[in-house]
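> Coordinates for the following, if possible.
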Amino acid sequence: MIRTATLALFFTATPLLAHEPVIDTGERSAAAPFVIDEPEHSKAIYAELDGDADVYQLTSDVPFDFYAGLTAARVEGCELDQTFSFEVLDAGGAVIDRREGGSNEWWAWFEEFGKRWYWVGPEIGTDFKSTTVYPAGTYTIRVFNEANAGKYVLAVGDQERFTPALIARLPSIGRATSVWWDAASCEGASG
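Residues are numbered from 1 along each chain as shown. Predicted coordinates:
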């Protein structure tokens, strides 16, 4: 019990790992978007662009605090050679917000508990927290870059919910997310 409580404390003490890690290996297209349940619930979705923009969809029946931000793995000795952008669309497909990765200053951030470096890019919010309330409705987040290639992490929501079941799965999730920090090559870090 003490170990579980200690793990929960460590995970809620750091902003990015306060986001529940989710490994996304499926399709993320307009025809079959990745559905984000409970948009205020914090999640860090590890994904890779593979030729097309990635599409995520979320719905809320009530107004909600909206947070979205992009990060990428930072490997020692490697520069960030690709950036990522995202836009938010309303239910009718109109762009209501857009964050450009190329014009954003990406900054290095070390996450203490996971002992991982990230490049932190554009976000709607500040320091991994919401600063915007969206009306009830359905929204789409579209992640892309010029080549539509490379590994990134999309963080959404800012309400932490670490259940005992999730904490028990964290070691296997940690092993799976380690591909984002493939130190064998700088190219493997960001594309």
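> drop to CA atoms for contacts and neighbour counts, all remaining ones
Noted.
> ok, the one helix or strand residue 46 maps to: who's next to it in the sheet?
Residue 46 is part of strand 43-50 when elements are defined by DSSP states H and E. Paired strands of strand 43-50, with direction, are strand 20-23 (parallel), strand 149-156 (antiparallel) (DSSP bridges).
> any idea which of those strands scores lowest on pLDDT?
Note on these: strand 20-23 shows the lowest mean pLDDT, a mean of 59.
> And the next helix or strand past that one?
Downstream of strand 20-23, the first helix or strand assigned by DSSP H and E is strand 34-36.
> And that following strand, what does it pack against?
strand 54-60 (3 or more Cα pairs under 8 Å, 6 or more residues apart in numbering; DSSP states H and E).
> From residue 83, how far off is the closest residue to residue 51 other than its chain neighbours?
Closest residue in space to residue 51, ignoring its immediate chain neighbours: residue 148 at 5.0 Å, by Cα to Cα, 6 or more residues apart in numbering. Plainly put, residue 148 is 10 Å away from residue 83 if you go by Cα to Cα, to the nearest Å.
> Same check on residue 120?
10 Å.
> And those two? Which one has more around it.
residue 83 (28 against 25; other Cα atoms under 10 Å).
> Contacts for stretch 55-64, please.
By Cα atoms under 8 Å, 6 or more residues apart in numbering, the residues outside stretch 55-64 that reach it are 28-30, 32-40, 133-143.
> at 10 Å instead, please
Here stretch 55-64 makes contact (Cα atoms under 10 Å, 6 or more residues apart in numbering) with 27-40, 86-91, 130, 132-144, 154, 157.
> Quick one, which of these are buried?
The neighbour count (16 or more other Cα atoms under 10 Å) marks 28, 33-34, 36, 39-40, 86-89, 130, 139-144, 154, 157 as buried among the contacts of stretch 55-64.
> From the residues you listed, which land in strands?
Secondary structure from DSSP state E places 34, 36, 86-89, 139-144, 154 of those in strands.
> and the residues you listed as JSON lines, adding distance to residue 98?
Below are these laid out as JSON lines (distance: Cα to Cα, whole Å):
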{"residue": "34", "distance to residue 98": "19"}
{"residue": "36", "distance to residue 98": "19"}
{"residue": "86", "distance to residue 98": "6"}
{"residue": "87", "distance to residue 98": "4"}
{"residue": "88", "distance to residue 98": "6"}
{"residue": "89", "distance to residue 98": "9"}
{"residue": "139", "distance to residue 98": "13"}
{"residue": "140", "distance to residue 98": "12"}
{"residue": "141", "distance to residue 98": "9"}
{"residue": "142", "distance to residue 98": "9"}
{"residue": "143", "distance to residue 98": "10"}
{"residue": "144", "distance to residue 98": "11"}
{"residue": "154", "distance to residue 98": "14"}
